[in-house]
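A.B. asks: No letters, just coordinates:
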């Protein structure tokens, strides 16, 4: 919620979120990095981006083997 409020107040030219696995919404279930949190947070950030007309760069960390850390749901939500 703090990131979304800052976007409305500050109106940045762009937003970088590093990393999506650490972001959370109080209303979403699960802990930061869980499937539900990643899905809800990413969806909220994309909605804010489209509403404000700004690019959002969402960083999702990978493991040493090259897999996305945590849930792979991030791959299916973002616009690339």
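C.D. replies: Yep, that arrived. Quick caveat: nothing in here was measured; it's all calculated off a predicted structure.
A.B. asks: In which helix or strand does residue 45 reside?
C.D. replies: Following DSSP states H and E, one finds residue 45 within helix 35-52.
A.B. asks: Next, the buried residues of the worst-scoring helix or strand of the chain on mean pLDDT.
C.D. replies: Across the helices and strands of the chain, mean pLDDT, DSSP states H and E gives its lowest value to helix 74-77, namely a mean of 76. Of the residues in helix 74-77, 74, 77 count as buried by neighbour count, 16 or more other C-beta atoms under 10 Å. All C-beta spots, glycine's among them, are computed from the backbone N, C-alpha and C.
A.B. asks: Quick check: which helices or strands does it pack against?
C.D. replies: Here helix 74-77 touches helix 35-52, going by 3 or more C-beta pairs under 8 Å, 6 or more residues apart in numbering; DSSP states H and E.
A.B. asks: Tell me the helix or strand right after the helix it packs on.
C.D. replies: Per DSSP H and E, the first helix or strand lying C-terminal to helix 35-52 is strand 56-59.
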